[in-house]
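Colleague: Sequence and predicted structure below; questions after.
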Amino acid sequence: MTRSQGILDRNHALIAEIDQNHASRYPEGLQRNVVLIRELNENLTKVGDLYEELSGAFMQRVSSAQSVDPELTRNNSPDGENRWETTEREAV
């Protein structure tokens, strides 16, 4: 999470600089925006990859927890959402 937060912070700075360059309409700033937008795009891909890894790791832990604790079950709620719940014995 800290890696993704650092990238998101950098993206915030990039967007501010891109906006400033766009507002100024100076040719140098607009040319620089090309480089900045490429970096922003690469960063967005990195953050997506990091969250994908995080999601995979979470699912592995949930799967491991299920195999260790057979009383952990997956229920579908009435609103169609999948929720993890424990059996009544464990909840009491």
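Modeller: Here it is on my side, so go on. Residues are numbered from 1 along each chain as shown.
Colleague: Now do the strands in the chain.
Modeller: Secondary structure of the chain by DSSP state E: the strands cover 72-76, 82-86.
Colleague: Tell me the spacing between residue 38 and residue 19.
Modeller: 16 Å (CB to CB, to the nearest Å). Placement of C-beta: from N, CA and C, glycine included.
Colleague: And the single longest helix found in the chain, what does it pack against?
Modeller: Longest among the helix segments of the chain by residue count, using DSSP state H, is helix 27-68. Under the contact criterion of 3 or more CB pairs under 8 Å, 6 or more residues apart in numbering; DSSP states H and E, helix 27-68 touches helix 2-24, strand 72-76.
Colleague: go with 10 Å
Modeller: helix 2-24, strand 72-76, strand 82-86 (3 or more CB pairs under 10 Å, 6 or more residues apart in numbering; DSSP states H and E).
Colleague: so for the second one, what's the average pLDDT?
Modeller: This means strand 72-76. Strand 72-76 carries an average pLDDT of 55.
Colleague: How about the first one?
Modeller: Model confidence over helix 2-24 averages 95 on the pLDDT scale.
Colleague: buried set for it?
Modeller: Neighbour counts over helix 2-24 (16 or more other CB atoms under 10 Å) mark 4, 7, 11, 14, 18, 21 as buried.
Colleague: Just put the residues you listed in CSV and tack on distance to residue 42.
Modeller: CSV is the format used below for the buried residues of helix 2-24 (distance: CB to CB, whole Å):
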residue, distance to residue 42
4, 14
7, 9
11, 10
14, 10
18, 14
21, 18
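Colleague: Can you tell me the closest non-neighbouring residue to the residue positioned nearest the centre of the chain?
Modeller: The residue lying closest to the centre of the chain (CA atoms, centre = their mean) is residue 51, at 3.9 Å. Nearest residue to residue 51 in three dimensions, chain neighbours excluded: residue 4, at 6.7 Å (CB to CB, 6 or more residues apart in numbering).
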